[in-house]
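[1] my questions are about this predicted structure, shown below with the sequence.
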Amino acid sequence: MSPTRSRGALLALLAASAAAVWAARAPAERAVLPSVEADAFAALTGRAPASTPELWERLKAMGVAAVVLREETAGELAARGEVLHFSRAEVEKWRALGLVAPGGGPAPDSLWAKDAKVMSRLSGALAARGIDASTVTVAASGARSLDLPPGVDLSRIPAGFDPETVAVVSAAGLIPVAASTSPWASVAGQRLWVRTLPVSARRPALLRAANGRAMRLLVLRPAPAAGLDDNLERLREALKVVKSADLPGVIPAAAPKDESSRAERAARTFLFFVIGVLGPLLAARAGLGAERAARGWSSARVPLAAPVPETLAGLAAALAAASAAGLLACAVLAPERREELSRAWTLWTLSAPMVVGAAALFSPEGPRARSRWNAPLRLRDLVTAAVLIAALFGLMAPRAALRAAGMWESVDRLSAAADALWWWPWRWREILIGTPSLAVALILIGRREAGVEAPKLLGDPRGWLTLGLLAPAGAVAAIGAGGVAPALALAHGAAACALGAALGFALEGLRARVEEWVLRPTRTGLLT
């Protein structure tokens, strides 16, 4: 079988496998829960959260689904006088002064309260954290005493949630959610990834937050400097944008527990990352094969349009193969496991194919390879390595790179102003680098195979093809991660390919002009 046929059969098998596995697997449930922080919004009214039932009813009518509650501490209960704290130093001082009998009175490091509900709340919160504390009832006074471990800090002792606040919020039809310092929160037994934005956030940021994860808890914070009415109006506008995403605002039924064995889960994870490196490489080969096939068709029918038809065919084939690989990767893992690995998967899928491609395209062979490894290290080699590492860091961690360069604020304002292209920060590598570079590589390879040699300065297709791997890699990463709905990710990929193709043809024209300008003096000197 010829290489072209073998590649075609492999890609057909990949597409068929993706379609079969994807059709056999139920689509992942999606939901976005708009929420607010109880303390932040209650502070706008000047009252405690438990004293504002009308506020929570109003927020429920506006479309808020959950309220984030902060767990109180024993120190806060002591400050409000709901419990009394007897420190070890204080009890020993009373005993030394004879105010209490030896062995009598309150125990050192203990909490006292008249209300049994307060003691039950404290003991339950301590037990949930694994802190051993004993509760004692004093018959004479009816007070309850809670003995704490020695030297405990009350500001670090959890006291659970205010039951009155929980009751008021629940009565309004809102879901009480415990505040979390981790990237996710547990809601109704399911894991929702948390994203916090101000109520004044613009439409692109809100849509990216709503669509960025399959299960999202979107926390909207008020502006402390503005009044209640202003914040509610901004919240209403933000909720309209979130609603326009057409995502459910209720928690779906919990998915059945994964009954697969540990070996099967490990095999699926391994296959997941294998697709991440092979998918973009196969997609690039599919693009090269489609460009070669379309070149024969266009040269016979529309020769004046070259190289546009064959380049577009190559880009479309690469996108189709990358989309198939992304769907297959999305179907391999369970949604929860896939979202846990989304960051590592994205980094791997964007970087590994480029490393493999560069090694295959630029590695010397035979005696030249041995001489290259045995050659002494030069300053030029170190500078080249530093530039490559810096470029790779900018590609993989653009936010950190832009912050270090002092340009993040400008780029962030640009991304917030993009209305119809609100998703472009997710696919900027494909639009600005990957697809344009792949288009230039396809044009240069087509010309070289047609016998037209390009100068070595900017005409070496290997460098362009290495950067062009970002186009299929970005599509595989976006679809396979599963954070964005597959249909939406496919639409974004098609739009990114179209925008990148336009930039690619412009880049090829600029490349040709720059090359002509640089080489013009040499050619003139040779002619004279």
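    In hand now; what should we look at?
[2] from Ala209, how far out is the closest residue to Arg236 other than its chain neighbours?
    Leaving aside its sequence neighbours, Arg236 sits nearest to Met62 (Cβ to Cβ, 6 or more residues apart in numbering; 5.6 Å). In short, each C-beta sits where N, CA and C put it, glycine included. Using Cβ to Cβ, to the nearest Å, Met62 is found at 18 Å from Ala209.
[3] which of those two has more neighbours?
    The residue with more neighbours, out of Met62 and Ala209 and counting by other Cβ atoms under 10 Å, is Ala209; that gives 24 against 15.
[4] all helices of the stretch 251-400 of the chain, in order?
    With helices called from DSSP state H, counting those that start in this stretch, the stretch 251-400 of the chain shows them at 262-301, 308-332, 335-340, 342-362, 367-374, 379-396, 398-405.
[5] packing partners for the second one?
    By that I understand helix 308-332. Applying 3 or more Cβ pairs under 8 Å, 6 or more residues apart in numbering; DSSP states H and E, one finds that helix 308-332 makes contact with helix 3-24, helix 262-301, helix 435-449, helix 470-481, helix 486-527.
[6] mean pLDDT and distance to Ser351 for those helices - can I get that in JSON lines?
    As requested, the helices and strands packed on helix 308-332 are exported to JSON lines (pLDDT from 0 to 100; distance: least, Cβ to Cβ, whole Å):
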{"stretch": "helix 3-24", "mean pLDDT": "57", "distance to Ser351": "21"}
{"stretch": "helix 262-301", "mean pLDDT": "90", "distance to Ser351": "9"}
{"stretch": "helix 435-449", "mean pLDDT": "93", "distance to Ser351": "16"}
{"stretch": "helix 470-481", "mean pLDDT": "95", "distance to Ser351": "8"}
{"stretch": "helix 486-527", "mean pLDDT": "83", "distance to Ser351": "19"}
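[7] in the stretch 151-300 of the chain, where is pLDDT below threshold?
    151-152, 255-256, 258 (pLDDT under 70).
[8] residue boundaries of the strands in it?
    175-178, 184-187, 190-198, 215-221 (DSSP state E, counting those that start in this stretch).
[9] ok, the last one: who's next to it in the sheet?
    Strand partners for strand 215-221, identified by DSSP bridges, are recorded as strand 31-37 (parallel), strand 190-198 (parallel).
[10] buried residues in stretch 479-498?
    Neighbour counts over stretch 479-498 (16 or more other Cβ atoms under 10 Å) mark 479-486, 489-490, 492-493, 495-498 as buried.
[11] swap that for stretch 217-236, sorry
    217-222, 231-232, 234-235.
[12] again, but for stretch 247-261
    For stretch 247-261, the neighbour count (16+ other Cβ under 10 Å) marks 247, 249, 251 as buried.
[13] just confirm the second one contacts Leu33, I think it does.
    Yes - Gly249 is in contact with Leu33 according to Cβ atoms under 8 Å; the separation is 6.3 Å.
[14] closest to Ala178 out of the buried residues of stretch 247-261?
    Distance to Ala178 across the buried residues of stretch 247-261 (Cβ to Cβ) is lowest for Ile251, with 14.8 Å.
[15] quick check, the closest one in contact with Leu33.
    Yes - between Ile251 and Leu33 there is a contact under Cβ under 8 Å: 7.3 Å.
[16] identify the contacts common to the two.
    175, 187 (Cβ atoms under 8 Å, 6 or more residues apart in numbering).
[17] Ala210: how many residues sit nearby?
    21.
[18] look up how far Leu392 lies from it.
    Going from Ala210 to Leu392 by Cβ to Cβ gives 31 Å.
[19] how far away is the closest residue in space to Thr435 that isn't next to it in sequence from Ile275?
    Nearest residue to Thr435, sequence neighbours excluded (Cβ to Cβ, 6+ apart): Gly500, at 2.4 Å. Per Cβ to Cβ, Gly500 is found 22 Å from Ile275.
[20] ok, Leu421 next?
    Taking Cβ to Cβ as the measure, Leu421 falls 28 Å from Ile275.
[21] again, but for Ala512
    Taking Cβ to Cβ, one finds Ala512 at 37 Å from Ile275.
[22] higher neighbour count, those two?
    Between Ala512 and Ile275, counted using other Cβ under 10 Å, the more crowded position is Ile275 (23 against 15).
[23] save the strands paired with strand 215-221 as CSV, and put in mean neighbour count and distance to Ala344 too.
    CSV is the format used below for these (neighbours: other Cβ atoms under 10 Å; distance: least, Cβ to Cβ, whole Å):
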stretch, mean neighbour count, distance to Ala344
strand 31-37, 23, 24
strand 190-198, 18, 15
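[24] who wins for proximity to Val166 among the ones you listed?
    Nearest of the strands paired with strand 215-221 (Cβ to Cβ): strand 31-37, 14.5 Å.
[25] what lies in contact with that closest one?
    Under Cβ under 8 Å, 6+ apart, the answer for strand 31-37 is 59, 63-68, 70, 175, 177, 179, 187, 192, 210, 214-222, 235, 238-239, 242, 245, 247-252.
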